[in-house]
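Trainee: Model the structure of this input:
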Amino acid sequence: MIKGILFDMDGLMVDTEKLLSRFWCESARSFGYPMTPEHVLGIRSLAAKYSEPHLKGIFGEDFDYKAVRAKRIELMNAFIAENGIEKKKGLDELLEYIAASGLKCAVCTATDRERTARYLKSVGVYDYFDEFVCGDMIANGKPEPDTYLVGAQKLGLDPAECIALEDSPNGVTSAYRAGCKPVMIPDLSQPDDETRAKLFGVCDDLSGVIAILERECK
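Mentor: All right, here's what the predicted structure looks like:
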């Protein structure tokens, strides 16, 4: 029986993946690296310790990951400060259902604590969550299982009792390795065959998760 729901954040609850793609590319190009949105897809949900060697494998060992990332954060923060961020379709309905049902829920994200709190408070959903596991709290981030293992532990649950909601293949892999039941709500890309084999379910938007919970929580 499902007793807990573990939420990714970027691209799942808040519509920030398109901004991450835009500003990674803008930042990298300002340093002379021809980054494209396809390159950014490969590092979605990856912890910095994994995304840095991934990008150096593409652009060479002289790729200044820390400088490019810092510029990306600066550009993205300025954009969000002026324009805000959008919440993803179905988020409110799902969180209200979870609250009414008495299920536990936690955020399990590669984003740091400060930005996680800022983003979720800005769209009015921060207080729905019982626990938070953020990128700067975990030594081995996604796609390793640690983020979801700690998330389940913080809720006092076995990973097998938790549905993990993800929008990216790297996040799905992390949840699958942890022993959770991954449900994908695709954002920038649909699951390929390798990712689909790891999935417990796929939904068009977050409201579709309610039907899974109604089935699995009886």
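
Trainee: ok, for Arg160, nearest residue in space, not its chain neighbours?
Mentor: One correction, residue 160 is Ala, not Arg. Spatial nearest neighbour of Ala160, chain neighbours left out: Gly179 (5.4 Å); criterion: Cβ to Cβ, 6 or more residues apart in numbering. Where you see a C-beta, it was placed from the backbone N, CA and C, and this is true even at glycine.

Trainee: Backbone dihedrals for the one you found, please?
Mentor: Gly179 adopts backbone torsions of phi 90, psi 10, taken as degrees, to the nearest 10.

Trainee: now do the one 4 residues further on
Mentor: When read as degrees, to the nearest 10, the backbone of Val183 gives phi -120, psi 130.

Trainee: if I look at it, how far off is Gly201?
Mentor: With distances defined as Cβ to Cβ, to the nearest Å, the gap from Val183 to Gly201 amounts to 4 Å.

Trainee: higher neighbour count, those two?
Mentor: Looking at Val183 and Gly201 with other Cβ atoms under 10 Å, you find the greater number of neighbours at Val183, namely 22 against 17.

Trainee: Can you tell me the SS state at the nearest residue to Glu216 once chain neighbours are set aside?
Mentor: Distances taken as Cβ to Cβ, 6+ apart place Ile2 nearest to Glu216, at 4.3 Å, with adjacent residues excluded. The local conformation at Ile2, judged by DSSP: H, G, I helix; E, B strand; the rest coil, is coil.

Trainee: So what's the residue count around Ile2?
Mentor: 18.

Trainee: Give me the buried stretch members for the helix or strand where Leu20 lies, please.
Mentor: The secondary structure element spanning Leu20 is helix 17-30 (assigned by DSSP states H and E). Using 16 or more other Cβ atoms under 10 Å as the test for burial, helix 17-30 gives Glu17, Leu19, Leu20, Ser21, Arg22, Phe23, Trp24, Cys25, Ser27, Ala28.

Trainee: try stretch 116-135
Mentor: Buried residues in stretch 116-135, counting neighbours by 16+ other Cβ under 10 Å, are found at Thr116, Tyr119, Leu120, Val123, Val125, Tyr128, Phe129, Glu131, Phe132, Val133, Cys134, Gly135.
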